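Novice: 3D model of this:
(one chain, ligands or ions: 2)
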Amino acid sequence: SSFHPFLQALPKCEHHMHLEGALTPALLFQLASRNNVQLPSTDPAYTSHETLLARYSRFSSLDDFLQYYYFAFSVLIHEIDFESLAWDYFQHASKDGVLHAEVFFDPQAHLTRGVTFATILRGFTAARKRAEAELGLTSELICCFLRHLPPLESVHTFNLPEVQASFDAQEIIGVGLDSSEKDHPPSLFKEIYGPAKTRGLRLTAHAGEEGPAQYIKSALDDLAVERIDHGVRLVDDPQLLRRVQQQGTMLTVCPISNVVLRGAESVKDVPIRKFLDSGIKFSINSDDPAYFGGYILENYCQVQAAHHLSVQDWETICRNAIEGSWCPDGRKQVML
Ligand code: HPA
Ligand code: ZN
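Specialist: Ligands and ions are numbered 1, 2, ... in the order given. Now for the predicted structure:
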C-alpha cells in the first residue's frame, strides 16, 4: 500500500522474536540434508518445504504451532547452523528498518538434544557481531525458559556454569519465559526470576497470550518483570490495564502471531487502538516470522491496514519501542 515506504523507514526496535522462529521451511530442508537429519515420514506436511509452509498457514493453537516449532530444532546441530539462522533473521530485520533487536532463544530444547550451550551461544554471537559490523544493527540475547517443563529443570539450566558465565560476560542481557502457557502460571518460576533480578539481569515473560489476564498480574507481582510479552488479554481486566499504564510496563505485541495462533480473529481484533487510547506502551513484533508469514514490517503494514493509525500514532509506537529497549542511553539517542 502507499504506507509501505513510510512504515519501512520508521526506526524500529524488535523485542519479541524467537531466533528459532526464523527457521524457514527452506532452511529446515537445507539443514536436514546437510546434517543427515531424518524428517518424519508419518506427517505428510514434511513432504517438501512447500507442503510444510502450507501446513504452517493452518495452525489451530499455540500448542499445534509449538509441536512443529520444537520438531524443527532437530536440524540445528553445529555452531554454523545457529549462525546461519540468526544471520538470516538479521538481514530480514535490517531490510525492514530494524535498528535494534532483542531476541529470544530456547536453550533447554537444544541441551536435551545434546547440543551444548557453547555451540548455540557462539553461533548466535557470531551473527550478532556480523549484524552490527555490516548492517549497523545492534542486538541483545534473551535466554528463555520453557514453562511446559518442570520448573526445577529451568532452575538447573539457569544455574549451569556455562549459562552463568554468559550472564557474567554480558553475552545474555536477560531472561524470558515461553512455550505452552495454559496451566503454566508465571508464579512457578520465582526461583529463576528472583536470583536473575539479584544479579542484574533484565526480566520479561510471555503472559496473556493464550493464558488469562491473571498470568500478567502474576508475572508483574511474582516475577517482577519489566516487560510483558504479548499481554493482549490485558483488555479483560480494566484495573490491571490501569496499573500497567501507571507503571509504564511495555507490552511486546505480535499481531500476526495472535491471528495465526487463533488468539484473535483478525488484526482488527488485536487491541492496538485500545492500548494507544489508554496510554499503554507497546512495541509491534514478529514473534516467529518463518512460521507466521511475516517479518516485522509486515506486522506494521497489517496493523496500519486494520487500524488506520496516524503519523503521530506511529511516532508514539516507535518512540516507546526505543525507550523501552534494553540498550545504552547513547544508542537510544541515535535511534530517536
Ligand atoms: N508463545 C509461547 N512460546 C513461544 C512462542 C509464543 O508465541 N513462540 C515461540 N515459543
Ligand atoms: Zn513469543
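
Novice: going forward, measure contacts and count neighbours with C-alpha atoms only.
Specialist: Will do.

Novice: and the residue of the chain closest to ligand 1?
Specialist: Of the chain, the residue with the smallest distance to ligand 1, taken as Cα to the nearest ligand atom, is S179 at 3.3 Å.

Novice: and that residue, how many neighbours?
Specialist: Burial measure for S179: 18 neighbouring residues, criterion other Cα atoms under 10 Å.

Novice: in the stretch 51-200 of the chain, which spans are helices?
Specialist: 62-72, 79-95, 108-111, 117-130, 151-159, 161-168, 190-198 (DSSP state H, counting those that start in this stretch).

Novice: which of those sits closest to Y291?
Specialist: The closest of these to Y291 is helix 62-72. By Cα to Cα, the value is 8.2 Å.

Novice: what comes up buried for the closest one?
Specialist: Neighbour counts over helix 62-72 (16 or more other Cα atoms under 10 Å) mark L62, D63, F65, Y68, Y69, A72 as buried.

Novice: and stretch 178-191, by the same measure?
Specialist: Burial within stretch 178-191, assessed by neighbour count using 16+ other Cα under 10 Å, is assigned to D178, S179, S180, E181, K182, H184, P185, P186, S187, F189, K190, E191.

Novice: stretch 324-336 too?
Specialist: Within stretch 324-336, the residues that qualify as buried by neighbour count (16+ other Cα under 10 Å) are G324, S325, W326, C327, K332, M335.

Novice: just checking: which of these also lie near ligand 1?
Specialist: Among these, no residue sits close to ligand 1 (Cα under 6 Å from any ligand atom).

Novice: and the residues you listed, which is closest to V98?
Specialist: Within the set of the buried residues of stretch 324-336, M335 lies nearest V98; the separation is 10.2 Å, counting by Cα to Cα.

Novice: give me every residue that touches that closest one.
Specialist: Residues near M335 by Cα atoms under 8 Å, 6 or more residues apart in numbering: P11, L99, I322.

Novice: mind running it again at 10 Å?
Specialist: Contacts were defined as Cα atoms under 10 Å, 6 or more residues apart in numbering; by that measure M335 touches L10, P11, K12, C13, L99, H100, C318, R319, I322, E323, D329.

Novice: how about those in a markdown table, adding pLDDT, distance to E20 and secondary structure?
Specialist: As requested, the contacts of M335 are arranged in a markdown table below (pLDDT from 0 to 100; distance: Cα to Cα, whole Å; DSSP: H, G, I helix; E, B strand; the rest coil):
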| residue | pLDDT | distance to E20 | secondary structure |
| --- | --- | --- | --- |
| L10 | 98 | 26 | coil |
| P11 | 98 | 24 | coil |
| K12 | 98 | 21 | strand |
| C13 | 99 | 19 | strand |
| L99 | 99 | 20 | strand |
| H100 | 99 | 18 | strand |
| C318 | 98 | 25 | helix |
| R319 | 98 | 27 | helix |
| I322 | 98 | 24 | helix |
| E323 | 98 | 26 | helix |
| D329 | 98 | 29 | helix |
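
Novice: which of these count as buried?
Specialist: For these, a neighbour count by 16+ other Cα under 10 Å gives the buried set as L10, P11, K12, C13, L99, H100, C318, R319, I322, E323.
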